[in-house]
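[1] sequence unknown, structure follows:
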């Protein structure tokens, strides 16, 4: 199917998730370390999707600045992604409440940790999880929506390696609240597949990392664009499993892992600041480049608005192509 | 969505794959070692899908008997799955040609090896591959259809760990001939997702392993039914990566792999006949139990005809649920 290139804006799509966050299209721009600063969140909000400022790689001071900048310039829905395990998590939470951030996506750790706090402050909360049973725990913790993230996703993934195809329908069978699919979604066809599996929105990371407005280094964006079909891998499984681009740094880590290196040795190879070095400073040889398996499907850097337009148009075209097979509803 | 339980047979579904194999529904019953003997292939053929006798675990003599039995009793389409790397591969090929098997699915190794031979003998050929670029090689080798198999699949998987969600649309962009999706598909929702991604049929293994007619041991079927959401894992990566159920045998192998065991040591732990011991003889503790990640979604042993009916009904119900979002086609 050719990618639709029409400059016409697709019509709004309504789901429980678009109503929850008051967005035009059921797409969430994922929080990504060194990549989703205010500029990306603003561009996303202005394109009719939910933009997320990723707190993970920020200091508390920077997060506050980025929140204030986003509020000032976003003409749509926005929020913050808060990794629960982050060393500044408590400080981030305080800032999020003080700054009255309307939407918080928490990830890693227990959904019980911050959900009650943010809900009490009047915010909307979603939690990211890699397992169906944990999706149920999210619902029980009172979140408004659950992001289920498959093995395909870039960055830190779950240890059970459940793929989006297998994870999502099982979560759908367990919970009542809306599901947002993440992992392996960069196109409208993949978005349509996620809807078939029970999602009411998709969270997209990698595709937006290679956008004009992403706040990561240009070298990193180019590395994503150049990536082939098999150029990412889930590694560092003895520490926190992370999906990264295959580069010389990855080769070193993987070679150590293959010979059974200890956590201590792996930590030493990793060192400090690897992700910053790769994604912010642009050292694509020795830096850690977190990106999803869909990197092989990303062939150019585009503005966020154009990514959204193409994705939604392809989503609708895919549904139209499937529709003639659907029997009339009773 | 509740599983449809209507006893009514769903209407036929036409795609290039159903026309190619002359089947009623776009479903292929996968060839599976110790599991897909003549009985399973016959039940599949009689349920309106393509049934495959899996040569992988057979002797040449047994394969010939199973082919003859299948031809005698199948009232629909059937064929043989031939693993190209098998030690008997040449003998199997000779028997397949002598017995005029109408359809051959080859897997592992190069599609160039047997495709010309079987095509010259008048058969239809599909090849199973885990990479988009290799799907293109299959097309160039002259196959009639390509099976693209994701990381979720049971048994031997590719080294690049591409999931169905990421693999399938990339293959769709590269080849013109029909694609059959494999890996992570046990339900009609997953089948609908595969169609959204560009498949014109699905190859289903695990769900049929837990069928009444599968020729594996009852203990293995029960182990599949009991499996939870995270009870399979891809292991033995230094040898031929294989997805198996987590049992005491798996724990031994995985522990060795984690400490960097050599191929020699891993081979010794594996020993000979592990798969036979698990899947045919029913030793679910010390045997190798090859099954897909969807095992966690399989909760009962059912007849093949009922599995097909439920899957197709759910597929159609899923398309009907998506259809109202589809804009009218221009």
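    Yep, that arrived. In this text the structure is predicted, and so the values were computed from the model without any measurement.

[2] Retrieve the pLDDT associated with residue A:5.
    Looking at residue A:5, its pLDDT is 46.

[3] So what touches stretch A:265-279?
    The contact list for stretch A:265-279 (CB atoms under 8 Å, 6 or more residues apart in numbering or on different chains) reads A:33-35, A:57, A:216-217, A:220, A:236, A:238-239, A:247, A:249, A:252-253, A:256-257, A:261, A:283-284, A:286-290. All C-beta atoms are positioned from the backbone trio N, CA, C, and that covers glycine.

[4] mind listing which of these are in helices?
    Members of the contacts of stretch A:265-279 lying in helices (criterion: DSSP state H): A:220, A:249, A:252-253, A:256-257.

[5] Quick one: the helices in the stretch 51-200 of chain A, in order.
    Counting by DSSP state H, counting those that start in this stretch, one finds helices in the stretch 51-200 of chain A at the ranges A:60-73, A:89-98, A:115-120, A:132-140, A:164-174, A:188-196.

[6] Would you mind finding the most buried of those helices?
    Counting by mean count of other CB atoms under 10 Å in any protein chain shown, helix A:188-196 has the highest mean neighbour count of these, with a mean of 29.

[7] Say whether chain B is contacted by that one.
    Yes - using CB under 8 Å from any CB of the partner chain, helix A:188-196 reaches chain B at A:189-190, A:192-196.

[8] Can you lay out the residues you listed as a markdown table showing distance to residue A:312 and pLDDT?
    Formatted as a markdown table, these follow (distance: CB to CB, whole Å; pLDDT from 0 to 100):
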| residue | distance to residue A:312 | pLDDT |
| --- | --- | --- |
| A:189 | 12 | 98 |
| A:190 | 13 | 98 |
| A:192 | 11 | 98 |
| A:193 | 15 | 98 |
| A:194 | 13 | 98 |
| A:195 | 12 | 98 |
| A:196 | 16 | 98 |
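
[9] Was I right to think residue A:43 contacts residue A:306?
    No - if you go by CB atoms under 8 Å, residue A:43 and residue A:306 don't touch, sitting 10.4 Å apart.

[10] what about these two, which has more around it?
    Shown here are residue A:43 and residue A:306; by other CB atoms under 10 Å in any protein chain shown, residue A:43 has more neighbours (25 against 15).

[11] ok, the more buried one - contacts?
    By CB under 8 Å, 6+ apart, the residues touching residue A:43 are A:51, A:211-213, A:303-305.

[12] again, 6 Å this time
    Each residue near residue A:43 by CB atoms under 6 Å, 6 or more residues apart in numbering or on different chains is listed here: A:213, A:304.

[13] Next one: it from residue B:220, what distance?
    Computed as CB to CB, to the nearest Å, the residue A:43 to residue B:220 distance reads 52 Å.

[14] before we move on, back to that, just the buried residues of the ones in helices among the contacts of stretch A:265-279.
    Those of these that meet the buried threshold are A:220, A:249, A:253, A:256-257, by 16 or more other CB atoms under 10 Å in any protein chain shown.

[15] Adding distance to residue A:128 and pLDDT, write these out as TSV.
    Shown next, in TSV, are those (distance: CB to CB, whole Å; pLDDT from 0 to 100):
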residue	distance to residue A:128	pLDDT
A:220	22	98
A:249	25	98
A:253	24	96
A:256	28	95
A:257	25	92
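
[16] Take those residues and write them to CSV, including distance to residue A:179.
    Converted to CSV, these look like this (distance: CB to CB, whole Å):
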residue, distance to residue A:179
A:220, 30
A:249, 34
A:253, 33
A:256, 37
A:257, 32
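
[17] Closest one to residue B:175 out of the residues you listed, please.
    Nearest to residue B:175 out of those is residue A:220 (CB to CB; 30.9 Å).
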